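Student: Fold the following for me, if possible:
(chains A and B)
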Protein chains: 2
Amino acid sequence: MSDIKFKQRLTVEQVEEGTDLAPKFQDDGLIPVVTTDHESGELLMHGYMNEEALKKTIELGEAVYYSRSRETLWHKGATSGLVQTVKEMRIDDDQDCVWLRVEVQGNGASCHVGYRSCFYRSVPTGENFEQKDGELNFEEDEKVFDPKEVYGDAPNPTKL
Amino acid sequence: MSDIKFKQRLTVEQVEEGTDLAPKFQDDGLIPVVTTDHESGELLMHGYMNEEALKKTIELGEAVYYSRSRETLWHKGATSGLVQTVKEMRIDDDQDCVWLRVEVQGNGASCHVGYRSCFYRSVPTGENFEQKDGELNFEEDEKVFDPKEVYGDAPNPTKL
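Tutor: Got it, this is the predicted structure:
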């Protein structure tokens, strides 16, 4: 078990204006995590941590998530080699969300579909939405890796 | 009501590899939203949209969230003037998360505490955690605005 202890949430001022780390987990025990490339600022993925994953991430300095589809701790890169080294961790005003600024090891990809970022498609907005019939646009031209080579027959985490 | 129609989610291939906009809302009817500055890549906030908020954001080209604390649609900037103009909207692989790249109007702040970003404090990781006794570090030196002047006596959205 980890030696890291989080502080108890006592007042709004303590949580918003203080230096106590007092994260708030949702009713399901998870806290959302936003992961960006530490240099480009590109959003790589959006995930979740439970208390243990957050403590392990702090200790290791590498991103450890909680996989909702597999219902287990998920040391990112354990299968693919695409470890996310934490360059900076931040927490938001009410401490119910974590921001990781990371450097991705290996080929630099973070998305199980094979792209660099999970957010490889844009949604047209305003007048463009109608003009483009609401169709998504691919913003990454090609995949960085072939998911079949990396994950083999592991089940796809995407749920309908 | 909006004219925008989302597509039905039929196959994993359609959702991940296609151009259909077929967002997945959580059991509570919400989808998480990550909002970054379109130029610097700085993470400004993490919020939620329901179906109506997502459609309004697409139509207006301005961020409209769903406020979980106030249980209502929330056209960001309606009170503070700090409207978020959407420069680009993206959606992730399994379409259960939205990324907004925005330009913030007015003084450029996005955080109700008065800072530019909600993520104004860092968490020490690795060896630094012990060395700093786990204390958060302020990464923004001063507030951009005084919340009392902008929001008056409106209740603070932070929950313990």
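Student: For chain A, give me the ranges with low pLDDT.
Tutor: Residue ranges of chain A with pLDDT under 70: A:1.
Student: what are the ranges of the strands in it?
Tutor: In chain A, the segments counted as strands under DSSP state E are A:31-37, A:43-49, A:64-67, A:72-75, A:84-91, A:98-104, A:121-123, A:137-138.
Student: Including mean neighbour count and distance to chain B, could the ones you listed go into JSON lines?
Tutor: Where you see a C-beta, it was placed from the backbone N, CA and C, and this is true even at glycine. Shown next, in JSON lines, are the strands of chain A (neighbours: other CB atoms under 10 Å in any protein chain shown; distance: least, CB to the nearest CB, whole Å):
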{"stretch": "strand A:31-37", "mean neighbour count": "23", "distance to chain B": "5"}
{"stretch": "strand A:43-49", "mean neighbour count": "24", "distance to chain B": "4"}
{"stretch": "strand A:64-67", "mean neighbour count": "21", "distance to chain B": "11"}
{"stretch": "strand A:72-75", "mean neighbour count": "16", "distance to chain B": "15"}
{"stretch": "strand A:84-91", "mean neighbour count": "21", "distance to chain B": "4"}
{"stretch": "strand A:98-104", "mean neighbour count": "23", "distance to chain B": "5"}
{"stretch": "strand A:121-123", "mean neighbour count": "22", "distance to chain B": "4"}
{"stretch": "strand A:137-138", "mean neighbour count": "13", "distance to chain B": "7"}
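Student: will you turn those into JSON lines that also has distance to B:Gln8?
Tutor: Converted to JSON lines, the strands of chain A look like this (distance: least, CB to CB, whole Å):
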{"stretch": "strand A:31-37", "distance to B:Gln8": "26"}
{"stretch": "strand A:43-49", "distance to B:Gln8": "23"}
{"stretch": "strand A:64-67", "distance to B:Gln8": "26"}
{"stretch": "strand A:72-75", "distance to B:Gln8": "29"}
{"stretch": "strand A:84-91", "distance to B:Gln8": "34"}
{"stretch": "strand A:98-104", "distance to B:Gln8": "33"}
{"stretch": "strand A:121-123", "distance to B:Gln8": "17"}
{"stretch": "strand A:137-138", "distance to B:Gln8": "20"}
